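Colleague: Let's see this in three dimensions:
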Amino acid sequence: MRQARRFALAGLLFGAPAMSFAADAAPPSLGAHVFLGQGEGLGVSPAVTPAMDTQATGSVFVIFNAGYSSNDGSPADTYGNRWKSLGRPLTYADYGDRFNVQAYVASAGKGGPAHTVSITKRGEPKGELSLPFVEVRNASRIQAFAQNYADKALVVASDEITVDGPATLLAFWWGDGGVKSMTATPGDGFQLIDAFVQLPDESGVQGAVAWRQVEAAGTYRVHWTVAPVQGAALWIIAIR
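Modeller: Predicted coordinates for the structure are as follows:
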């Protein structure tokens, strides 16, 4: 897987010095979110997320395309946002170069009712693909992000990121194990919001999404506890 106005009031009364008052703008916050998981041989092209209602303006949107490397079509959505890749694709271990995962972001996003994102699957139209779509409201930019590929372990950790004020943190886990039933549990104050970890018999691309709201500057990371043990592509993203 909340608004305020900034204002200032200044005045001079009977020779007293001017005084001003300000209220902070609304901090970023988690908005709508969905997760599309298509099983191997069951997929269709384009892959389209379930519809969700997003804020008309003032949001940052994040999506991922996880699956066949050849299904690398650019994302499109119902409100014509401009999507940019975030970082580099990470190739799954032990599968040659057939599978990877790539993040995309749309800043200054436009939204509304029945908002969907789609990806045209040019290489393997029926192939497995996972596509989470997350909105962060009252936000305008990615302040920081980190991506890394963790070796097989019971607990895997993202790299660290640093923020200079209140932020919404998103964390993404993409496991590489050849299993169809698993758990992936975030720590460090993160809450799981979406997951595709009970895969169909035909297989699929396992993934999990978590978030955390932080109120102060600091350095943050997320640890994932995973069973059965497997490696994973990891992202942590700070949005302000």
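Colleague: shaky segments in the chain?
Modeller: Low-confidence segments of the chain (pLDDT under 70): 1-24.
Colleague: Check which helix or strand the residue nearest to the spatial centre of the chain maps to.
Modeller: For the chain, Val62 is the residue whose C-alpha lies nearest the centre (Cα atoms, centre = their mean; 4.6 Å). Per DSSP states H and E, Val62 falls inside strand 59-68.
Colleague: What is the helix or strand following that strand packed up against?
Modeller: Proceeding N to C from strand 59-68, the next assigned helix or strand is strand 76-77, under DSSP H and E. For strand 76-77, the elements it packs on are strand 117-119, judged by 3 or more Cβ pairs under 8 Å, 6 or more residues apart in numbering; DSSP states H and E. Any C-beta I mention is one placed from the backbone N, CA and C, and that applies to glycine too.
Colleague: Residues touching the strand it packs on, excluding its own?
Modeller: Residues outside strand 117-119 that contact it (Cβ atoms under 8 Å, 6 or more residues apart in numbering): 46-49, 61, 63, 65, 71, 73-77, 129, 131, 133.
Colleague: Go ahead and build a PyMOL selection from the buried members of those residues.
Modeller: The buried subset of the contacts of strand 117-119, as determined by 16 or more other Cβ atoms under 10 Å, is captured in PyMOL by this line:
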select buried, resi 46+47+48+49+61+63+65+71+73+75+76+77+129+131+133
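Colleague: Quickly note the distance from the residue nearest to the centre of the chain to Ala51.
Modeller: According to Cβ to Cβ, to the nearest Å, Val62 and Ala51 sit 17 Å apart.
Colleague: Same question for the helix or strand where Ala232 lies: list its buried residues.
Modeller: Taking DSSP H and E as the definition, Ala232 sits inside strand 223-239. By neighbour count on 16+ other Cβ under 10 Å, the buried set for strand 223-239 is 223-224, 226, 230-239.
Colleague: Max pairwise distance over those residues: which two?
Modeller: With Cβ to Cβ as the measure, no two of the buried residues of strand 223-239 lie farther apart than Gln230 and Ile239, at 27.6 Å.
Colleague: And the helices in this structure?
Modeller: Along the chain, counting by DSSP state H, no stretch forms helices.
Colleague: Now find how far off-centre stretch 69-85 is within its chain.
Modeller: In terms of Cα atoms, centre = their mean, to the nearest Å, the centre of stretch 69-85 is found 14 Å from the chain centre.
Colleague: got it, and stretch 212-228?
Modeller: On Cα atoms, centre = their mean, the centre of stretch 212-228 falls 14 Å from that of its chain.
Colleague: From start to finish, how long is it in a straight line?
Modeller: 25 Å (Cα to Cα, to the nearest Å).
Colleague: And for stretch 191-209?
Modeller: Per Cα to Cα, stretch 191-209 runs 8 Å from first to last residue.
Colleague: dump the residue contacts of the nearest residue to Thr91 once chain neighbours are set aside.
Modeller: Among residues not flanking Thr91 along the chain, Asn100 sits closest, at 4.6 Å (Cβ to Cβ, 6 or more residues apart in numbering). If a contact means Cβ under 8 Å, 6+ apart, then Asn100 has 66, 69, 89-92 as its contacts.
Colleague: Which one of those is nearest to Ala208?
Modeller: Ala66 (11.2 Å).
Colleague: For the closest one, grab the count of nearby residues.
Modeller: 27 (other Cβ atoms under 10 Å).
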